[in-house]
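Asks: the following block contains a protein sequence and its predicted model.
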Amino acid sequence: MTIAKTVDLVRAARQAGYAVPAVNIVDDLSMRAIIAAAEQAQSPIIIQTSVKTVKSMGAEIISGIFQHAASTVSVPVALHLDHCPDRAVITEVIRHGWSSVLFDASDRPLQQAWDETREVVAECHAAGVGVESEIENSVGVEDGVGSDEATHSYSNAKLVEVAQDTGTDLLAPALGTAHGLYKASPVLQYDRVAELGRLTDKPVVLHGGTGLSPEDFQRFIDNGVAKINISTTVKLAYMHAARDHIAKAEQTGKWEPVKMFDDINAAVQATVIEHIGEFGSKGAAA
């Protein structure tokens, strides 16, 4: 059994100078492909679920598939709830074995976000579950959560103050990135990560990784980022593989769903392996 805790994987990555890939799934096929990619590259991996995916598949079903898939590989695999403003969903996934959650309070005023984060941390830590905190938002909507406008922004000192007071394990600050596909070149805040690292030993998480260059990723990692979230690029690989297979089926008249699943699996694996290389985590689990 190689099921790991998210916080442990991220702390180890920070210590060793790489970033753990945290990859969003959409179904059991994508989960198994991501885990297979991690095994092939001998990289630790974090499987992320959106609130939408939890509600679509069901927490109990996701947990069962994860437990089985993670038990068949030699690399450490963790299960994380991404961008969740709904505390009832957090309570549900805690009950079904998630090792960490991102409590997204970026839509709330500071004091409310602060108070609720403290309460979420208390609930999670009582169950041995880690907490990633977001009180200022990365621009963009992901699986129905988020905003296309920056709604709250705070100083590094304030972010650290809130994190220290609440007991948050991982920080998710706004770093100039955005969820989804970029419509213009982002203004990336590498130095902010370094400054946060001087103020606290809590690892920093980068959201909105799709569309950044290998050089961008490396600069963030060099400045202290230890977890990088990837979602949109995996969805694109998944959907493009399905589209291409269906187009070929139209031409040939051969309709074999299992063959389409094979194509999707290969496309997702290739995308994840590419990012593992860019994040420096290849071989980290060997």
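Replies: Alright, I've got the coordinates. Residues are numbered from 1 along each chain as shown.
Asks: could you point out which element follows the lowest-mean-pLDDT helix or strand in the chain?
Replies: When each helix and strand of the chain is scored by mean pLDDT, DSSP states H and E, strand 145-147 comes last, with a mean of 46. Scanning forward in sequence from strand 145-147 by DSSP states H and E, the next helix or strand is helix 156-166.
Asks: so for the next helix or strand after that following helix, mean pLDDT?
Replies: The first helix or strand that comes after helix 156-166 along the chain, using DSSP H and E, is strand 170-171. In this model, strand 170-171 has an average pLDDT of 98.
Asks: which SSE is Ala226 in?
Replies: Using DSSP H and E, Ala226 sits in strand 225-230.
Asks: which residues outside the next helix or strand after that strand are in contact with it?
Replies: Sequence-wise, the next helix or strand downstream of strand 225-230 (DSSP H and E) is helix 232-252. If you take C-beta atoms under 8 Å, 6 or more residues apart in numbering as the criterion, helix 232-252 is touched by 23-24, 26, 30, 34, 142, 179-181, 209-211, 254-256, 259-260, 263-264, 266-268, 270-272, 275. Where C-beta positions appear, they are placed from N, C-alpha and C, glycine not excepted.
Asks: still on that earlier bit, who are the packing partners of the strand holding Ala226?
Replies: helix 6-16, strand 20-24, strand 204-206, helix 214-223, helix 257-279 (3 or more C-beta pairs under 8 Å, 6 or more residues apart in numbering; DSSP states H and E).
Asks: most tightly surrounded among the ones you listed?
Replies: With neighbours taken as mean count of other C-beta atoms under 10 Å, those reach their highest mean count in strand 20-24, at a mean of 28.
Asks: quick one: end-to-end distance for stretch 89-109.
Replies: 21 Å (C-alpha to C-alpha, to the nearest Å).
Asks: any idea how far that stretch is from the chain center?
Replies: Distance of stretch 89-109 from its chain centroid, counting by C-alpha atoms, centre = their mean, to the nearest Å, is 13 Å.
Asks: averaged pLDDT, it. What do you get?
Replies: Here stretch 89-109 scores 97 as its mean pLDDT.
Asks: hang on, the earlier thing: next, the angle from the strand holding Ala226 to helix 257-279.
Replies: Relative orientation of strand 225-230 and helix 257-279, computed by axes from the mean of the first three to the mean of the last three C-alpha atoms, to 10 degrees: 150 degrees.
Asks: longest strand in this structure, please.
Replies: strand 77-84 (DSSP state E).
Asks: packing partners for that strand?
Replies: So strand 77-84, by 3+ C-beta pairs under 8 Å, 6+ apart, packs with helix 6-16, strand 20-24, strand 45-49, helix 51-57, helix 59-71, helix 87-95, strand 100-104, strand 145-147.
Asks: just the angle for the strand holding Ala226 relative to helix 6-16, thanks.
Replies: Relative orientation of strand 225-230 versus helix 6-16 (the same axes, to 10 degrees): 120 degrees.
Asks: run through who's touching strand 225-230.
Replies: Residues external to strand 225-230 that are found in contact with it (C-beta under 8 Å, 6+ apart): 6, 10-11, 13-14, 18-24, 46, 48, 82, 132, 170, 193, 203-210, 217, 220-221, 272, 275, 279.
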